[in-house]
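In: Just a sequence and a predicted model for now, questions to come.
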There are 2 protein chains.
Amino acid sequence: MKNILKRCLKNPLIKPEDMPMDCFAVYNGGAVKVGNEYIVMLRVENSSRRQFAWVARSQDGINFEPDPQPVRFTAEDMDSYNKNACKSWYDPRINALEGKYYITYAASSENGCRIGLGKTNDFKTVEHVSFPLHVSNRNAVLFPEKINGKYLMLHRPLSSRGDGNIWISDSADFQYWGNTELLVKCRSGLWDSLKIGAGPPPIKTNAGWLVIIHAVSGTCAGHYYTVGTLLLDLDNPYRVIGKSPGCIMRPEAEYEQTGFVPNVIFPTGAILESDQTLKIYYGAADNYQCLAEAHLEDLLATIKS
Amino acid sequence: MKNILKRCLKNPLIKPEDMPMDCFAVYNGGAVKVGNEYIVMLRVENSSRRQFAWVARSQDGINFEPDPQPVRFTAEDMDSYNKNACKSWYDPRINALEGKYYITYAASSENGCRIGLGKTNDFKTVEHVSFPLHVSNRNAVLFPEKINGKYLMLHRPLSSRGDGNIWISDSADFQYWGNTELLVKCRSGLWDSLKIGAGPPPIKTNAGWLVIIHAVSGTCAGHYYTVGTLLLDLDNPYRVIGKSPGCIMRPEAEYEQTGFVPNVIFPTGAILESDQTLKIYYGAADNYQCLAEAHLEDLLATIKS
């Protein structure tokens, strides 16, 4: 396993003690660069394990300053919003699309977990757009542009056998979703045997849509989370070009191997710099917000058809 | 529990030995009356437990003659059809809608179970229409008419906690589904504690849409399946008017209490006769096809708001 991802020397970038609240864990932040500002929308838990989405901002992508308050989720009809999903939100992704910013997140209640989709201008308030599809579904990301006139989404429904595979759907309006197909599935006995899902939103490259993925296998101690790559056809993302045959990053740092949930690395944000370096923001041990970097060319070279 | 459902004295109507094949079980048949002909589309398993949909026909709704061959499922692109769902189909419902017949069924493969939607003219071949929504979803039925310009569907996704609740979605075209909301949920400790789902397609009455439902609770021997009722607003089926507070039918006959899966009754077909008697076709013990009858008025009287 060639080490093409370089961990940031300042990792963990954000730790619980950095947050302006009773923080138990801060991790799995969606990321975007707006002008010169780097923005991460973090998953934060307080000591009662209540979930928050919380934004932190930076001028260099490394040193982040958290907002004083968590993100507010609003809907025209809050009763319906709360009834239909949402007692809790986690693992927000920031999806830049047509000059707007859409937040996809896990919308969770005692009725299960489904995808929440909202939009934001200021990263302080997320206005509800829809709950695509139904319960037992999460880890959704949007493609950054329409393709063949449709919005596209990768997502990870849970089968009744407990498998989590990457599926793809499209929509003309964010409300009605269809063409829902299985795209990439787990492979028994390998690094991606239990779950496989999109990390950050797909990144457009000349070779295709590059998707940084998480993949989970089992050990006698529980789930083991690693990072890999996936490449989809530019014109038809329903066609898989290739995938990294194995993981390209595994939990190796102390802050990844120990913490709230040991041996988890979970990529959720990616920012492509002008020199073609990709900043990959990831959660470590469900406890810390971290960053690793790789050259786009090196990531594409991991793909095998 | 007042006994408003009368079991047919000829129960089980159809037994494995009645089928023109190596039959292990025959049950859970969708039902419709076309002209003077009663048609049931049965779930059939052979001795290797391979699943078939198999039609049987009758002039009186009681004495059925099975077709010589199982139903054929066809799609324009069979490779895609098989890839995206379907190694196996079960629990077909027959939905009469706009003068056409739509079959909703559990489309199952090693990737999980989702809803299959097809249409038929002759009840010999079912032509693929779509796979609405995604995996971990089944027990779908369509409303017999468009409401507010949309097709409506009840379905039962499975939460990651194993709950199966009744959800509702709408669509303009059978391909794209949205407005997906939780409609009726399980209630801990009661007759509907584990799963609750639609049986046959909703029946239009002056009081509202009557839905014959199945509800599952747990015992130390496993799942216990009963039958109940649900009433939805005619103009807005997203509004629940009421529900039977308890089950209105439980496994009591020998062919319900013993068989492949003891203590299961599972309604999947309903035909309203001109005298307002409702014929309810149901599977017994995952082994036999049965019939019970009730007066519509008596069924509506079971509803409490």
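Out: Arrived safely.

In: Burial check on residue A:147, number of neighbours?
Out: 16 (other Cβ atoms under 10 Å in any protein chain shown). In short, each C-beta sits where N, CA and C put it, glycine included.

In: How about the residues of chain A by chain B?
Out: A:83-84, A:111-113, A:130-137, A:155, A:157-161, A:163, A:165, A:167, A:169, A:171-172, A:175-182, A:185 (Cβ under 8 Å from any Cβ of the partner chain).

In: Pull out the buried residues from those residues.
Out: A:84, A:111-113, A:130-137, A:155, A:157-160, A:163, A:165, A:167, A:169, A:171, A:175-182, A:185 (16 or more other Cβ atoms under 10 Å in any protein chain shown).

In: Tell me where the stretch 151-300 of chain A has strands.
Out: Ranges of strands in the stretch 151-300 of chain A, per DSSP state E, counting those that start in this stretch, are A:151-157, A:166-171, A:178-184, A:195-198, A:203-205, A:208-219, A:222-232, A:240-243, A:265-272, A:277-284, A:288-295.

In: Within the sheet, what are the partner strands of the fifth one, with directions?
Out: Partner strands for strand A:203-205, per DSSP bridges, with pairing direction: strand A:208-219 (antiparallel).

In: residue contacts, the spatially closest residue to residue A:239 that is not a sequence neighbour?
Out: Distance criterion Cβ to Cβ, 6 or more residues apart in numbering or on different chains; nearest residue to residue A:239, sequence neighbours excluded, is residue A:233 at 4.0 Å. By Cβ atoms under 8 Å, 6 or more residues apart in numbering or on different chains, the contact set of residue A:233 is A:208-209, A:239-241.

In: Can you redo those residues as JSON lines, where the extra columns are neighbour count and distance to residue B:193?
Out: Converted to JSON lines, the contacts of residue A:233 look like this (neighbours: other Cβ atoms under 10 Å in any protein chain shown; distance: Cβ to Cβ, whole Å):
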{"residue": "A:208", "neighbour count": "22", "distance to residue B:193": "48"}
{"residue": "A:209", "neighbour count": "21", "distance to residue B:193": "44"}
{"residue": "A:239", "neighbour count": "11", "distance to residue B:193": "44"}
{"residue": "A:240", "neighbour count": "17", "distance to residue B:193": "41"}
{"residue": "A:241", "neighbour count": "17", "distance to residue B:193": "47"}
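
In: Just give me how far the longest helix along chain A sits from the chain centre.
Out: Counting by DSSP state H, the longest helix found in chain A is helix A:78-84. Its chain's average C-alpha position is 24 Å from that of helix A:78-84, according to Cα atoms, centre = their mean, to the nearest Å.

In: Which helix or strand lies directly C-terminal to that helix?
Out: strand A:88-97 (DSSP states H and E).

In: Please report how far the residue in the stretch 151-300 of chain A positioned nearest to chain B lies from residue A:237.
Out: The minimum distance from the stretch 151-300 of chain A to chain B, using Cβ to the nearest Cβ, falls at residue A:159 (3.3 Å). Separation of residue A:159 from residue A:237 (Cβ to Cβ, to the nearest Å): 22 Å.

In: picking that back up, okay, the contacts of residue A:233 in CSV with pLDDT and distance to residue B:33 next?
Out: Converted to CSV, the contacts of residue A:233 look like this (pLDDT from 0 to 100; distance: Cβ to Cβ, whole Å):
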residue, pLDDT, distance to residue B:33
A:208, 98, 53
A:209, 98, 51
A:239, 98, 45
A:240, 98, 47
A:241, 98, 52
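
In: Now flag whichever of those residues is closest to residue A:103.
Out: Checking these against residue A:103 with Cβ to Cβ, the nearest one is residue A:209 at 20.2 Å.

In: which residues does the closest one contact?
Out: Taking Cβ under 8 Å, 6+ apart as the test, what residue A:209 contacts is A:143, A:202-203, A:231-234, A:237.

In: Kindly reformat those as a markdown table containing pLDDT.
Out: Formatted as a markdown table, those follow (pLDDT from 0 to 100):
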| residue | pLDDT |
| --- | --- |
| A:143 | 98 |
| A:202 | 98 |
| A:203 | 98 |
| A:231 | 98 |
| A:232 | 98 |
| A:233 | 98 |
| A:234 | 98 |
| A:237 | 98 |
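
In: Buried ones only from these, please, as a PyMOL command.
Out: Per 16+ other Cβ under 10 Å, the buried members of those correspond to this PyMOL selection:
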select buried, chain A and resi 143+202+203+231+232+234+237
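
In: In chain A, where is pLDDT below threshold?
Out: A:1, A:84-86 (pLDDT under 70).

In: give me that answer again for 90
Out: Residues of chain A meeting the criterion pLDDT under 90: A:1-3, A:78-89, A:108-112, A:159-163.

In: Find the centremost residue of it, please.
Out: Central residue of chain A (Cα atoms, centre = their mean): residue A:268, 2.9 Å from the mean position.

In: That residue - nearest residue in space that isn't next to it in sequence?
Out: residue A:28 (4.7 Å).

In: same thing with residue A:69?
Out: residue A:124 (7.4 Å).

In: burial measure for the one you found, as a count.
Out: Based on other Cβ under 10 Å, the number of other residues close to residue A:124 is 12.

In: Please tell me I have it right and it contacts residue A:57.
Out: No. With contact defined as Cβ atoms under 8 Å, residue A:124 does not count as touching residue A:57 (11.0 Å).

In: residues shared between the contacts of these two?
Out: residue A:67.
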